[in-house]
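J.: Sequence plus predicted model, see below.
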Amino acid sequence: MDVWIEGLVGTLRLFVAGGIVALILGIIVGAMRVSPIPVARVMGTLYVNIIRNTPLTLVFFAFAFALPPLLGLRLTSEVSLTLAVAALGIYTATYVAETIRSGINTVPIGQAEAARAIGLSFGQVMTLVILPQAFRAVIPPMMSVFIALLKNTTVAAGFGAVNLGAARSYLSERGANPMSVILWVMVIFVVLVLLLAWAQRALENKWRVAR
């Protein structure tokens, strides 16, 4: 039972921390993608195209094997968890950025022009006018991104991070029925995904009233 609890806690830590990194970085990159500054647009485009088109496993390899020697890190369980969070967050941020950008494009351009006409800066236009409306428009696709993030946490099991994927390997190696273990992991992930779907409906209902 301790193995299951540790695996679930590890998965939730990866999901929550990676989601926070992805959301913050994704909003920044999404704003860069629609920025009036050419350099910002180019940097945002390069980041999205390079990272999104790189397999997640290769991103993990870079963080697990290339980065620690450069930084002089010893791979303890906490360091592995931190590196896994960074890999997941940086990778998922590309999908968050594109989702945010699609939401921004649904906001009528006249609202941004009116906001600039009264003297608001680009940052103020984004935070006060555009992003609040964009978030309401992208709840379903954004939740799909976070569901994918939740499932991607299992990749971290191959790089020393404790999660449900690691619990499956640990129990199978110690004689537990592999099929039974896999089915229980599937059940836990289904429950977690259903909770995210419930959160999506709650947010949609709340923000529909707020319109």
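T.: Noted; the coordinates are in hand.
J.: what's the closest non-adjacent residue to G18?
T.: Spatial nearest neighbour of G18, excluding adjacent residues (C-beta to C-beta, 6 or more residues apart in numbering): L88 at 3.6 Å. Any C-beta I mention is one placed from the backbone N, CA and C, and that applies to glycine too.
J.: where does the one you found land in three-state SS?
T.: At L88 the chain is in helix, as set by DSSP: H, G, I helix; E, B strand; the rest coil.
J.: That one: neighbouring residues, count only.
T.: By the measure other C-beta atoms under 10 Å, the count of residues near L88 is 28.
J.: That one is in contact with T153, isn't it?
T.: Yes - assessed by C-beta atoms under 8 Å, L88 is found in contact with T153 at 6.8 Å.
J.: what's the overlap in contacts for these two?
T.: Common neighbours of L88 and T153 (criterion: C-beta atoms under 8 Å, 6 or more residues apart in numbering): 14, 18.
J.: What residues sit buried inside stretch 74-87?
T.: By neighbour count on 16 or more other C-beta atoms under 10 Å, the buried set for stretch 74-87 is 79-81, 83-87.
J.: which outside residues touch it?
T.: The contact list for stretch 74-87 (C-beta under 8 Å, 6+ apart) reads 10, 13-14, 17-18, 21, 56, 59-60, 62-64, 67-68, 73, 153, 156, 159-162.
J.: what's the following helix or strand after the lowest-mean-pLDDT helix or strand in the chain?
T.: One helix or strand of the chain scores below all others by mean pLDDT, DSSP states H and E: helix 164-173, with a mean of 69. The helix or strand immediately downstream of helix 164-173 is helix 178-210, counting by DSSP states H and E.
J.: pLDDT on that next one, on average?
T.: The pLDDT scores in helix 178-210 average 82.
J.: what packs against that helix?
T.: helix 2-33, helix 131-137, helix 139-152, helix 164-173 (3 or more C-beta pairs under 8 Å, 6 or more residues apart in numbering; DSSP states H and E).
J.: chain center to that helix, what's the gap?
T.: How far helix 178-210 lies from its chain's middle: 16 Å, per C-alpha atoms, centre = their mean, to the nearest Å.
J.: With stretch 138-156 instead?
T.: Taking the mean of its C-alpha atoms, stretch 138-156 sits 6 Å from the chain's own mean (C-alpha atoms, centre = their mean).
J.: same deal with stretch 81-94?
T.: Distance, stretch centre to chain centre, for stretch 81-94: 7 Å (C-alpha atoms, centre = their mean).
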